[in-house]
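S.K.: generate coordinates for the sequence data below:
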Amino acid sequence: MAAEKKKAISRLKSMYPLRAKVDETYAKSVEAMKAGKPTVWAMVNSWEGDVVLKAMDLETVYPENYSTVCASAGTAESY
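M.R.: Reported below is the predicted structural model:
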């Protein structure tokens, strides 16, 4: 059987700065956890709950945004 060719993924140029921002956000969260600062994974939109969490001095990570980045980069699991 002939080897299957991988399909090229056409990526938007906007994906690259988005990927950098996501990496920065997750790196910031890891640093906060290592420093012993309380860190939360919030399942709310950043514009609704972020103010309250920041007032409580919590480092906030929004994991639902990561799925969007994976999809735009073409690395999301197929199903």
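
S.K.: where along the chain do the helices fall?
M.R.: Using DSSP state H, the helices of the chain run over residues 15-34, 46-55, 64-73.

S.K.: by mean pLDDT, show me the worst of the ones you listed.
M.R.: Lowest mean pLDDT within those: helix 64-73, at a mean of 68.

S.K.: between the helices of the chain, which one is nearest to residue 5?
M.R.: In terms of Cβ to Cβ, the element of the helices of the chain nearest to residue 5 is helix 64-73, at 19.9 Å. For glycine as for every other residue, the C-beta is placed from the backbone atoms N, C-alpha and C.

S.K.: just to revisit the earlier point, compare the helices of the chain and give me the one nearest residue 4.
M.R.: With Cβ to Cβ, the closest approach to residue 4 among the helices of the chain belongs to helix 64-73: 21.1 Å.

S.K.: partners of the spatially closest residue to residue 37 that is not a sequence neighbour in the sheet?
M.R.: In this structure, residue 37 finds its nearest non-sequential neighbour in residue 59, 5.5 Å apart by Cβ to Cβ, 6 or more residues apart in numbering. Applying DSSP bridges to residue 59 gives these bridge partners: residue 39.
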